[in-house]
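Undergrad: Mind folding the following:
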Amino acid sequence: MELSDLLTDAANRADQDPYAIPLDKINIANPFLFQRDIHHQWFKRLRDEAPVHYCPESFFGPYWSITRYEEIVKVDTSHELFSSEPAITIGDTQDNFPLPMFIAMDRPKHDEQRRAVSPVTGADNLRHFEPIIRERTIDVLEQLPVGETFDWVEKVSVELTTRMLATLFDFPFEERGKLTRWSDVATAIPGLGVIDSDEAREEELMECLAYFTDLWNARVKLPMKNDLISMLAHNEATRNMPPMEYLGNLVLLIVGGNDTTRSTMTASALALHQNPDQFSKLVANPDLIDSMVAETIRWQTPLAHMRRICTQDTELGGQLIKAGDKVIMWYVSGNRDERFMDNPDAFIIDRPDIRKHLSFGFGIHRCMGNRLAELQLRILWEEIMARFERVEVMGEPERTVSSFVHGFTAMSVKLHPRTH
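TA: Here you go, the predicted structure:
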């Protein structure tokens, strides 16, 4: 079947009633479920009836879906039973264009490579970044057309995250748009607008490698600085990486620093628009910004899943998962698990124990940039509330066609200025 036919078939299947399909026919990884924002009802059925669910046939091959909170944590922290190698997304085979990256490695290599770059988001660097982030956030917000309709994704979410990425890499600031493009290319489904084929993706990512190789060659000749390229070039665990491993880690750091934060920046505006009672609560008590940020990260879940490979026959949730089976942890479902939290579909900015959400993962692969993401979002809303009465969303946002990146491609908004 041609790719265009596969996409058409997937789009048509997304129109089905999830309760009218036999359980063994459910393919929860259909990207159009997420693009249409209807996936939650499908996940609810799996949580209730088949929390450890086997899909025997799909475009991605057979796979297990883990949809409840407790089982997801079990898989995410059982590193001996569930391997991250060779990839972390449901459809990545690494067959034709292998991109090793430390998030898709097991110990000890994972720990060694992660340790090389983790200082960039450490406490000392966060203190250094805070005034830079605030200055850039103010600059972006001051340039927005108040009272006119514009695209929040383009003007705010993409712009702010790309500026931060450029800082983390010490990337030429005037060319920072390349980072956004490479992030989109790395995660796009061919045939849906960003790229036409896997070959086109590979060509652009090789351009990314060439560009960053020049940066590496320049940084390796200088004393180590506090940017990601310098850290990789000078650390003993990473300085001799093969080119494709370097590219793999670049893609990881670019996507990790871009898609997740930009999706949550958009989701925060959307959630507060859709829940005016929660926005009123925030206006009355701005100290709730930190809690609101954490609730948005749970409510949106910017990366819908992570994948593992079972290393030995094991029982989970009453099901036998065999060695070699593909196991998908659906964070986007676990964050809505009624067994773990009350009223999980609601957006509640003062929800107790909100930091126990799944969006950053658990165990050795827990997102190393989580505090930086929260810092960017906190500053954004501090500065928004200092300038604007509210952010009004004009119509339905356009969402990403992906079962991995749970995000937005466009969202029209209008800013209402403060009157006092």
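
Undergrad: quick one, helices of the stretch 51-200 of the chain?
TA: 69-77, 109-117, 123-142, 152, 159-169, 177-187, 198-219 (DSSP state H, counting those that start in this stretch).

Undergrad: which one of those is the most hemmed in?
TA: Ranked by mean neighbour count, the helices of the stretch 51-200 of the chain are led by helix 152 with a mean of 25 (mean count of other CB atoms under 10 Å). Yep, even glycine has a C-beta here, placed from its N, CA and C like the rest.

Undergrad: Could you dump the helices of the stretch 51-200 of the chain into CSV with distance to residue 272 and mean pLDDT added?
TA: Shown next, in CSV, are these (distance: least, CB to CB, whole Å; pLDDT from 0 to 100):
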stretch, distance to residue 272, mean pLDDT
helix 69-77, 25, 97
helix 109-117, 33, 89
helix 123-142, 16, 92
helix 152, 12, 98
helix 159-169, 17, 93
helix 177-187, 25, 92
helix 198-219, 35, 95
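
Undergrad: and residue 309, that's in a strand?
TA: Yes - with DSSP: H, G, I helix; E, B strand; the rest coil as the criterion, residue 309 is part of a strand.

Undergrad: Redo the helices of the stretch 51-200 of the chain as TSV? Include distance to residue 19.
TA: Compiled in TSV, the helices of the stretch 51-200 of the chain are given as follows (distance: least, CB to CB, whole Å):
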stretch	distance to residue 19
helix 69-77	22
helix 109-117	40
helix 123-142	44
helix 152	34
helix 159-169	38
helix 177-187	31
helix 198-219	35
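
Undergrad: Out of those helices, flag the one nearest residue 411.
TA: Among the helices of the stretch 51-200 of the chain, the nearest to residue 411 by CB to CB is helix 152 (4.7 Å).

Undergrad: Now do the closest one: everything it contacts.
TA: For helix 152, contacts defined as CB atoms under 8 Å, 6 or more residues apart in numbering pick out 266, 269, 391, 393, 411-413.

Undergrad: In CSV: those residues, plus pLDDT and distance to residue 203.
TA: As requested, those are exported to CSV (pLDDT from 0 to 100; distance: CB to CB, whole Å):
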residue, pLDDT, distance to residue 203
266, 98, 29
269, 98, 35
391, 98, 38
393, 98, 36
411, 98, 30
412, 98, 33
413, 98, 35
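
Undergrad: What are the buried residues along the helix or strand bottoming out on mean pLDDT in the chain?
TA: The least trusted helix or strand in the chain, going by mean pLDDT, DSSP states H and E, turns out to be helix 3-13, with a mean of 80. By neighbour count with 16 or more other CB atoms under 10 Å, helix 3-13 contains the buried residues 7, 10.

Undergrad: For it, enumerate the helices and strands it packs against.
TA: Contacts defined by 3 or more CB pairs under 8 Å, 6 or more residues apart in numbering; DSSP states H and E place helix 3-13 against helix 31-35.

Undergrad: Extract the C-alpha trace of the helix or strand following the helix it packs on and format it as PDB.
TA: Following helix 31-35 in sequence order, the next helix or strand is helix 39-49 (DSSP states H and E). Provided in PDB are the C-alpha atoms of helix 39-49 (Å, rounded to 0.1, in the frame of the first residue of the first chain):
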ATOM      1  CA  HIS A  39      -7.500  10.100  21.600                       C
ATOM      2  CA  HIS A  40      -8.500  10.400  25.200                       C
ATOM      3  CA  GLN A  41     -11.800   8.400  24.800                       C
ATOM      4  CA  TRP A  42      -9.800   5.600  23.100                       C
ATOM      5  CA  PHE A  43      -7.300   5.500  26.000                       C
ATOM      6  CA  LYS A  44     -10.100   5.500  28.600                       C
ATOM      7  CA  ARG A  45     -11.400   2.300  27.000                       C
ATOM      8  CA  LEU A  46      -8.000   0.600  27.200                       C
ATOM      9  CA  ARG A  47      -7.400   1.700  30.800                       C
ATOM     10  CA  ASP A  48     -10.700   0.300  31.800                       C
ATOM     11  CA  GLU A  49     -10.800  -2.900  29.700                       C
END
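
Undergrad: and helix 39-49 with helix 69-77, angle?
TA: Relative orientation of helix 39-49 and helix 69-77, computed by axes from the mean of the first three to the mean of the last three CA atoms, to 10 degrees: 100 degrees.

Undergrad: Flag every buried residue along helix 39-49.
TA: 39, 42-47.

Undergrad: same thing with stretch 339-350?
TA: Within stretch 339-350, the residues scored as buried using 16+ other CB under 10 Å are 340-341, 344, 347-349.

Undergrad: which one among those gets closest to residue 238?
TA: residue 340 (37.0 Å).

Undergrad: Need the per-residue pLDDT for the closest one.
TA: What the model reports for residue 340 is a pLDDT of 94.
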